[in-house]
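Participant: requesting a structural model of the entry that follows:
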Amino acid sequence: PGDSAAAALARDHAAVGDKRVVLEALPGGQEPSPVSDSSALGFRAIVGAIRVALPGGRKALVAPSLFIAMSDSRHYNRVANKRIYKYYPFRWTNEDLMTIHSTDERVRLEDLVSATKFFSVFLLAVSEPEDRFRSVVSRRG
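Facilitator: Presented below is the predicted three-dimensional model:
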C-alpha cells in the first residue's frame, strides 16, 4: 500500500547492487490500486453484513487486508474514489485454495448459502440512506 512501480524497481536495483545488471519494467505494467477507505459506508456495510449473515460473524474481527492479485476493479479506480473492496464471503480451506483457477475449482454449498445471505444483507444496507443503514446491518440474519 502506498507504493509505486518506480519505487519497487528502485528497491530491486538496490538489492542487486550491481550496475552491470540491467533491470527494467516490462511495458504495460500498472501502478498499484489506491488504499480503500475503511471508514466509508461500503466497508462498514461489509462489516455489518459479516456480523449479521455469516456463521461466527458476531465474534469475527474484521479488518482490511491486502489483495495481491490483479482484478478488473483497476478499471473503476477513477470513479470509485478509493472505495473498492475485494471481499469473498467464503471459508477457504488449504485444499480449496489449491483449486482456485485450477482443476475442480469449487465452492462448498454451505458457503454458497452463507454468501447469498451476506450479499442480501450487504445490498440492502448500501441501498438504504445512510441514516437508516445502521438498522439494516444490525438485524439478526
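Participant: as a quick check, tell me the outermost residue of this structure.
Facilitator: Most distant from the centre of the chain: residue 20, at 39.4 Å, with distances by C-alpha atoms, centre = their mean.
Participant: how close does that one get to residue 14?
Facilitator: Distance of residue 20 to residue 14, given as C-beta to C-beta, to the nearest Å: 15 Å. The C-beta positions use only the backbone N, C-alpha and C, and glycine is treated the same way.
Participant: what do you get for residue 25?
Facilitator: Separation of residue 25 from residue 14 (C-beta to C-beta): 15 Å.
Participant: which secondary structure elements does the longest helix along the chain contact?
Facilitator: In the chain, with assignment by DSSP state H, the single longest helix is helix 109-127. Counting contacts by 3 or more C-beta pairs under 8 Å, 6 or more residues apart in numbering; DSSP states H and E, helix 109-127 packs against helix 41-53, helix 130-137.
Participant: find the centremost residue of the protein, please.
Facilitator: Closest-to-mean residue, the chain, C-alpha atoms, centre = their mean: residue 86 / 2.4 Å.
Participant: so that one touches residue 71, yeah?
Facilitator: Yes: counting by C-beta atoms under 8 Å, residue 86 does reach residue 71; the two are 6.1 Å apart.
Participant: just to revisit the earlier point, neighbour count winner among residue 25 and residue 14?
Facilitator: residue 25 (11 against 8; other C-beta atoms under 10 Å).
Participant: who touches the more buried one in this structure?
Facilitator: 5, 9 (C-beta atoms under 8 Å, 6 or more residues apart in numbering).
Participant: circling back: mean pLDDT lowest for which of the helices and strands packed on helix 109-127?
Facilitator: The minimum mean pLDDT among the helices and strands packed on helix 109-127 belongs to helix 130-137 (a mean of 65).
Participant: low-confidence ranges in the chain?
Facilitator: Low-confidence segments of the chain (pLDDT under 70): 130-141.
Participant: if we can go back for a sec, now the closest residue in space to the residue nearest to the centre of the chain that isn't next to it in sequence: how far from residue 51?
Facilitator: Among residues not flanking residue 86 along the chain, residue 67 sits closest, at 4.4 Å (C-beta to C-beta, 6 or more residues apart in numbering). Using C-beta to C-beta, residue 67 is found at 21 Å from residue 51.
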